[in-house]
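Q: coords please:
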Amino acid sequence: MHTQIWVVSTLLISIVLIVLTIVKFKFHPFLALLLASFFVGAMMGMGPLEMVTAIESGIGGTLGFLAAVIGLGTILGKMMEVSGAAERIGLTLQRCRWLSADVIMVLVGLICGITLFVEVGVVLLIPLAFSIAKKTHTSLLKLAIPLCTALMAVHCVVPPHPAALFVANKLGADIGSVIVYGLLVGLMASLVGGPLFLKFLGNRLPFKPVPTEFADLEVRAENGFGAIANILLIIGAGGAFNAILKSSGLADTLAVILSNMHMHPILLAWLVALILHAAVGSATVAMMGATAIVAPMLPLYPDVSPEIIAIAIGSGAIGCTIVTDSLFWLVKQYCGATLNETFKYYTTATFIASVVALAGTFLLSFII
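A: As a prediction, the model looks like this:
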């Protein structure tokens with residue numbers, strides 16, 4: 001049985017290892033994530049066969065769902081561009097002069113994201129950001145960050161997304177109320193974490209054109225698949241890293257550490273989900289783990305409604321989208337951003353959105 005200090009140190013060193021190998025030694029993210037996976041497995045006492053099995057399961061489980069969706073989504077996006085559909089949407093949106101393009105991307109993310117997994121939403125909606133960015137000569141980051149932040153927010157706080165639905169069900173919360181509260185909190189968090197944050201940055205936000213590999217895609221399927229091969233490798237390695245974190249018992253030990261903290265249930269629910277998301281790289285897993293930790297404590301706080309706790313858990317899961325999450329790498333590749341830029345702009349945006357969502361949750365708790 002490993003000590004809590006050992007577990008936390010292993011997690012922190014693995015994250016530093018990923019960043020260092022990519023930034024300093026110029027490793028491909030796929031190799032960096034695999035190296036970190038073996039490091040965590042070895043430090044947590046996993047055998048070679050056990051590590052290989054977990055990595056294989058993680059890659060297969062992740063790509064088994066996402067590979068076809070990303071591939072078809074890329075082709076669909078190019079078809080939209082070639083047919084003029086994306087351009088037409090962009091022109092229509094430009095007529096809404098009372099709304100800026102980044103705010104419109106937030107609204108698109110919130111509305112369309114209700115029925116889409118966050119990764120699927122990024123793949124299907126990013127061509128719209130490509131089209132508007134090229135037509136208006138706007139930095140892709142200014143459009144993609146608000147879109148992806150909104151997709152993440154709605155993914156975490158609004159049923160019928162599986163994790164949000166699971167949390168509401170386990171806590172005995174009213175689904176309809178969670179949907180309404182989630183949309184309100186998600187909208188507020190997305191606007192502050194997206195457009196407002198980027199407006200604060202101003203000229204410090206670098207200009208990012210549409211990445212060449214996506215701008216030059218042919219309509220033919222084989223060329224589309226070739227352009228996304230890099231993304232699939234990285235996402236698969238991210239799934240392997242997540243699997244190692246769970247199989248090694250690191251995530252379970254971290255959950256125990258967090259459950260021993262004594263604080264307000266709303267803050268605890270938010271913090272547990274936030275830390276678990278950073279640790280295991282999956283908002284869904286983080287929300288389920290946070291629910292298991294927080295649910296037994298609810299009878300001690302009869303004045304706090306289960307709907308509020310459900311939103312608090314989802315709010316925490318919005319934040320800390322870092323190298324452990326395959327979404328981090330998906331956004332990085334589609335935006336043509338460096339590792340540092342993805343940390344600086346997307347990770348910060350999701351963290352700000354998470355904090356704002358927490359504030360909104362506290363505000364709701366005083367009203368309802």
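Q: check which helices and strands the helix or strand containing residue 167 is in contact with.
A: Under the criterion of DSSP states H and E, residue 167 resides in helix 162-171. Helix 162-171 makes packing contacts with helix 140-157, helix 175-191, helix 283-294, helix 306-318 when contacts are defined by 3 or more CB pairs under 8 Å, 6 or more residues apart in numbering; DSSP states H and E. Every residue, glycine included, has its C-beta placed from N, CA and C.
Q: can I get the last one as PDB, trimmed to CA atoms?
A: To tie it back to what came earlier, the one meant is helix 306-318. What follows is helix 306-318, C-alpha atoms only, in PDB (Å, rounded to 0.1, in the frame of the first residue of the first chain):
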ATOM      1  CA  PRO A 306     -29.100  17.800  -4.300                       C
ATOM      2  CA  GLU A 307     -29.600  19.900  -7.500                       C
ATOM      3  CA  ILE A 308     -27.000  22.400  -6.200                       C
ATOM      4  CA  ILE A 309     -24.500  19.700  -5.300                       C
ATOM      5  CA  ALA A 310     -25.000  18.200  -8.800                       C
ATOM      6  CA  ILE A 311     -24.200  21.500 -10.400                       C
ATOM      7  CA  ALA A 312     -21.200  22.000  -8.100                       C
ATOM      8  CA  ILE A 313     -19.700  18.600  -9.100                       C
ATOM      9  CA  GLY A 314     -20.200  19.500 -12.800                       C
ATOM     10  CA  SER A 315     -18.700  22.900 -12.200                       C
ATOM     11  CA  GLY A 316     -15.500  21.400 -10.800                       C
ATOM     12  CA  ALA A 317     -15.200  19.000 -13.700                       C
ATOM     13  CA  ILE A 318     -15.100  21.800 -16.200                       C
END
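Q: kindly reformat the helices and strands packed on helix 162-171 as a markdown table containing mean neighbour count.
A: Below are the helices and strands packed on helix 162-171 laid out as a markdown table (neighbours: other CB atoms under 10 Å):
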| stretch | mean neighbour count |
| --- | --- |
| helix 140-157 | 30 |
| helix 175-191 | 22 |
| helix 283-294 | 24 |
| helix 306-318 | 31 |
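Q: what about the stretch 51-200 of the chain, any weak spots by pLDDT?
A: For the stretch 51-200 of the chain, applying pLDDT under 70 flags the ranges 65-66, 69-91, 93-94, 115.
Q: re earlier: list the buried ones in the helix holding residue 167?
A: Judged by neighbour count (16 or more other CB atoms under 10 Å), helix 162-171 contains these buried residues: 163, 164, 165, 166, 167, 168, 170, 171.
Q: who's in contact with the residue nearest to residue 208 when sequence neighbours are not counted?
A: Nearest residue to residue 208, sequence neighbours excluded (CB to CB, 6 or more residues apart in numbering): residue 140, at 4.4 Å. With contact taken as CB atoms under 8 Å, 6 or more residues apart in numbering, residue 140 is in contact with 129, 130, 133, 208, 209, 210, 211, 335, 336.
Q: mind redoing it with 10 Å?
A: Residue 140 is in contact with 126, 129-130, 132-134, 207-211, 214, 334-337, counting by CB atoms under 10 Å, 6 or more residues apart in numbering.
Q: which SS class is residue 302?
A: coil (DSSP: H, G, I helix; E, B strand; the rest coil).
Q: and if you look at residue 6?
A: Counting by three-state DSSP, the backbone at residue 6 sits in helix.
Q: report pLDDT for the residue nearest to it when sequence neighbours are not counted.
A: Here the nearest residue to residue 6 in space, its sequence neighbours aside, is residue 43; by CB to CB, 6+ apart that works out to 7.7 Å. Note for residue 43: predicted pLDDT of 94.
Q: emit the PyMOL select command for whichever of the contacts of residue 140 are buried.
A: A single PyMOL command selects the buried members of these (16+ other CB under 10 Å):
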select buried, resi 126+129+130+132+133+134+208+210+211+214+334+335+336+337
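Q: done for today, thanks.
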